[in-house]
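>>> Structure, please.
(chains A and B)
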Amino acid sequence: MIAAMVIILIILILLGLPLFIGILAATMLGLYTSEVGFAAIPIEIYRLANAPVLLAIPLFTFAGYLLSQGGTSARLVRFSKSLLGCIPGGLGVVAIVTCAFFTAITGATGVTIIALGGLLFPALISEKYKEDFSLGLMTSSGSLGLHFPPSLPIILYGFVSGASIERLFVAGLLPGAVIVGILCLYSVYMGNKWKLERPSFSFREFLCALKEAGWELPIPLLIIAGIYSGLSTATEAAALTVGYVLFVKIVVFRELSLIGDLPQIMKDSTRMVGGIMIILGAALGFTNYLVDAFIPMRILNLLEGIIETKIGFLLVLNLFLILVGCMMDIFSAILVAVPLVVPIADRFGIDPVHLGVIFLTNLGIGYSTPPVGLNLFIASSRFDRPIVQLYRATLPFLILLVLTLLLITYWPALSLFLPGLLEP
Amino acid sequence: MRVLQRINRFLAKLEGWLIIVLLWLMVVLTFAQVCLRSLYTHGHLHWANSLMGHLDWSEPFVRLLVLWLTFLGASLLTVQGRHIKIDLFSTAIPAKWQRIREFIMAVVSVVISAIMLKACIDYVKIEIEFGGETFLHLPGWIGQLILPAGFALILFRFLLRAIDHGVAIARGLTE
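Numbering: from 1, shown residues only, chains lettered A, B, ... in the order given. Have a look, this model is predicted:
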């Protein structure tokens, strides 16, 4: 009976049952079989009101939605074009760097392709970049910058796994830079091969662009510096970021009005927050059940006969997470997978901070993995191209990303070097 | 049905206003806390510290706002039917089955949110009887009211969807 219900539930979830309903139903089934009352679920959901860290999520999301409106994206593109446009494959590099930067300052809330695609894709085509290359680049760039603060997936991972969010923020910097760097090199290589025309560097244009983008460029630096110096926690940094962004958008550029635009942006960003956090609430209830029923322990016992080495575990983990990442968005993927994986990874001696970076990289790749990666669909509708063309176009980028993933997974020092410096 | 739709729109408007007010409160209060704290620790201004003493309720209050905003946002998301879900087969399912799928999903969601509503009401009842105080000497259950209220709103929206799709399917069968 219970087994049949579990199978029906899994089918329903795969067919598109809202995820939080699915997780709540799974928790109810679990509690029912272990003969515990459902009162445990509201108690766990109420924990959302008892974690100071979670404040950072609505605040950073709000800041991200504010930045995705108005001219921020155009200013950032102009600036990086003036700086990087002159190298071979320069516009490709511009696209990659701007996307990563934009993803970072908007907290990785999935607005990048929508906000920047319309600017960068036509520009790439008009500068004679091959269509497939440009499509693949824009698609895979949608999940760059996940590693940089104030990425919301990092905050969620930290909250669910118990790892320090401040350390995670620092740990993501080098791996994130490596990913961005490798894709940039690829663009330079292709630009060289195609012998594309490139503009010469103009110091005057650079200064103009810098002056324009000067208000928004330092945002991630301020966050990193604030946290790195111990001046502020992630939550305080979020409050300061919102204040700063409101000031820049309303007072400096006057592109958003307090009465006209802000209410809609607030509603939109709160909807986004509600969508993620209601799953978080449900997942807290589910995790509580899992731990009470010793499920991670059982999986561990099951795995112990099959996987013996750390390397073997990491390899299986990579495959598992890419699969999860292409089925779910990164937020739900973290909420569902972290509670199961963290205790097991702990047994294999993997640092939770390193594990966090592995999670982000994997799930980011899952976004652009055929057949169902989310970025592929967003790009397909945004650029009006058939999904099959996007599969083909994204492939070379995907291969490069998987290579970096292997590097990040099997070279822990890359992730752990900077947080090591943080230790007193 | 018309009446229900009108109630739905009215509630959505109300939730929208509540979101705007609560998010503003959250932004202003957290920002003020950070500023006052750094004024005191780095500027050694004692008035900042005493002002912070008057605002000591704001910390648990903004944490509670996280929960309230979560449910208000989730409820509005239900109005649009845009909750996060796994979308493996939406393009593979033929159009005429689409509605039946939506109907089944809505019915299951109604059942689950109804159970949650019941669980949350029980939870708040216990809290009313045995619970303690939170900030400003307010009883704790006031903050928890959003749990049953949120699930009631979500339940109402899923119910509307189920009715909507159910009626359309029935009409399709009779034609």
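
>>> For the chain, give me the ranges with low pLDDT.
You didn't say which chain, so I picked chain A. Residue ranges of chain A with pLDDT under 70: A:109-110, A:230, A:423-424.

>>> wait, I meant chain B there
Checking chain B against pLDDT under 70 turns up B:87-88, B:90-91.

>>> residue ranges of the helices in it, please?
Assigned by DSSP state H, chain B shows helices spanning B:2-43, B:46-54, B:58-80, B:95-130, B:141-144, B:146-174.

>>> Which one, of the ones you listed, ends up nearest to residue A:65?
Closest approach to residue A:65 among those (C-beta to C-beta): helix B:2-43, 10.9 Å. For glycine as for every other residue, the C-beta is placed from the backbone atoms N, C-alpha and C.

>>> Now do residue B:19: how many residues are near it, please.
Neighbour count of residue B:19, defined by other C-beta atoms under 10 Å in any protein chain shown: 25.

>>> right, and the helices of chain B - which one's nearest chain A?
helix B:58-80 (2.1 Å; C-beta to the nearest C-beta).

>>> tell me, which helix in chain A spans the most residues?
Ranked by residue count, the top helix of chain A under DSSP H comes out as helix A:262-292.

>>> How far away from the center of its chain is that one?
Distance, stretch centre to chain centre, for helix A:262-292: 16 Å (C-alpha atoms, centre = their mean, to the nearest Å).

>>> Would you point out which residue is most central in chain B?
For chain B, the residue nearest the mean C-alpha position is residue B:71 (1.2 Å; C-alpha atoms, centre = their mean).

>>> still on that earlier bit, as CSV, the helices of chain B with distance to chain A would be great.
Below are the helices of chain B laid out as CSV (distance: least, C-beta to the nearest C-beta, whole Å):
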stretch, distance to chain A
helix B:2-43, 4
helix B:46-54, 14
helix B:58-80, 2
helix B:95-130, 4
helix B:141-144, 6
helix B:146-174, 5
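
>>> and of those helices, who's closest to residue A:289?
Closest among the helices of chain B, once you apply C-beta to C-beta, is helix B:95-130, at 13.5 Å.

>>> helices or strands up against that closest one?
Judged by 3 or more C-beta pairs under 8 Å, 6 or more residues apart in numbering or on different chains; DSSP states H and E, helix B:95-130 is in contact with helix A:2-14, helix A:19-33, helix A:40-46, helix B:141-144, helix B:146-174.

>>> If we use 6 Å, what do you get?
helix A:19-33, helix A:40-46, helix B:141-144, helix B:146-174 (3 or more C-beta pairs under 6 Å, 6 or more residues apart in numbering or on different chains; DSSP states H and E).

>>> Now that helix: buried residues?
B:101-113, B:115-117, B:119-120, B:123-124, B:127 (16 or more other C-beta atoms under 10 Å in any protein chain shown).

>>> Stretch A:14-21 near chain B anywhere?
Yes: counting by C-beta under 6 Å from any C-beta of the partner chain, chain B is contacted by stretch A:14-21 at A:14, A:16, A:17, A:18, A:19, A:21.

>>> which residue packs closest to residue A:59, ignoring adjacent ones?
Among residues not flanking residue A:59 along the chain, residue A:238 sits closest, at 3.7 Å (C-beta to C-beta, 6 or more residues apart in numbering or on different chains).

>>> related to what we said a few turns ago, of all the helices and strands packed on helix B:95-130, which one comes closest to residue A:220?
Within the helices and strands packed on helix B:95-130, the stretch nearest residue A:220 is helix A:19-33; the backing value is 29.7 Å (C-beta to C-beta).

>>> Can you tell me the SS state at residue A:370?
Secondary structure, DSSP: H, G, I helix; E, B strand; the rest coil: residue A:370 is coil.

>>> Let me know the outermost residue of chain B.
Largest centre distance within chain B, by C-alpha atoms, centre = their mean: residue B:44, 40.1 Å.

>>> Now do the contacts for that one.
Applying C-beta atoms under 6 Å, 6 or more residues apart in numbering or on different chains to residue B:44 gives no contacts.

>>> For residue A:215, which residues are in contact?
Neighbouring residues of residue A:215 by C-beta under 6 Å, 6+ apart: A:248, A:252.

>>> circling back: out of the residues of stretch A:14-21 next to chain B, which one sits closest to residue B:84?
residue A:19 (5.1 Å).

>>> burial measure for the residue nearest to residue B:135 when sequence neighbours are not counted, as a count.
Of all residues not flanking residue B:135 in the chain, residue B:57 sits nearest, at 3.7 Å (C-beta to C-beta, 6+ apart). Residue B:57: 14 surrounding residues under other C-beta under 10 Å.

>>> Which single residue of chain A ends up nearest chain B?
Residue nearest to chain B within chain A (C-beta to the nearest C-beta): residue A:274, separated by 2.1 Å.

>>> Am I right that that residue is in contact with residue B:74?
Yes: here residue A:274 reaches residue B:74: they are 3.7 Å apart, a contact under C-beta atoms under 6 Å.

>>> Chain B contacts on chain A?
Counting by C-beta under 6 Å from any C-beta, the residues of chain A close to chain B are A:14, A:16-19, A:21, A:24-25, A:38-39, A:41-42, A:48-49, A:54-55, A:58, A:236, A:239, A:242-243, A:263, A:266-267, A:270-271, A:273-275, A:277-278, A:327-329, A:332, A:372.

>>> Among these, name the buried ones.
Buried subset of the residues of chain A next to chain B (neighbour count, 16+ other C-beta under 10 Å): A:16-19, A:21, A:24-25, A:38, A:41-42, A:48-49, A:54-55, A:58, A:236, A:239, A:242-243, A:263, A:266-267, A:270-271, A:273-275, A:277-278, A:327-329, A:332, A:372.

>>> Name the nearest residue to residue 24, sequence neighbours excluded.
Reading this off chain A. Per C-beta to C-beta, 6+ apart, closest to residue A:24 is residue A:282, 4.9 Å.

>>> ah, no, chain B please
Residue B:24 sits nearest to residue A:266 (C-beta to C-beta, 6+ apart), 7.7 Å away.

>>> now the helices and strands packed on helix B:95-130 in TSV, with distance to residue A:295?
Below are the helices and strands packed on helix B:95-130 laid out as TSV (distance: least, C-beta to C-beta, whole Å):
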stretch	distance to residue A:295
helix A:19-33	9
helix A:40-46	15
helix B:141-144	28
helix B:146-174	26
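
>>> Which one of the ones you listed lies nearest to residue A:75?
helix A:19-33 (35.8 Å).

>>> contact partners of the closest one?
Contact with helix A:19-33 is made by A:2, A:5, A:9, A:13, A:41, A:278-279, A:282-283, A:285-286, A:289, A:332, B:84-85, B:109, B:112, as judged by C-beta under 6 Å, 6+ apart.

>>> Ok, stretch A:306-318 next?
With C-beta under 6 Å, 6+ apart as the test, stretch A:306-318 has contacts from A:348, A:362, A:409.

>>> Now do the SS call for the residue lying closest to the second one once chain neighbours are set aside.
Leaving out its chain neighbours, the residue that sits closest to residue A:362 by C-beta to C-beta, 6+ apart is residue A:321, at 3.6 Å. Classification of residue A:321 using three-state DSSP returns helix.

>>> circling back: distance check, the residue nearest to residue B:24 against residue B:81.
21 Å (C-beta to C-beta, to the nearest Å).

>>> thought residue A:192 was touching residue A:88?
Yes: using C-beta under 6 Å, residue A:192 is in contact with residue A:88, at 4.4 Å.

>>> Please say which of those two ends up with more neighbours.
Per other C-beta under 10 Å, whichever of residue A:192 and residue A:88 has more neighbours is residue A:88, with 17 against 12.
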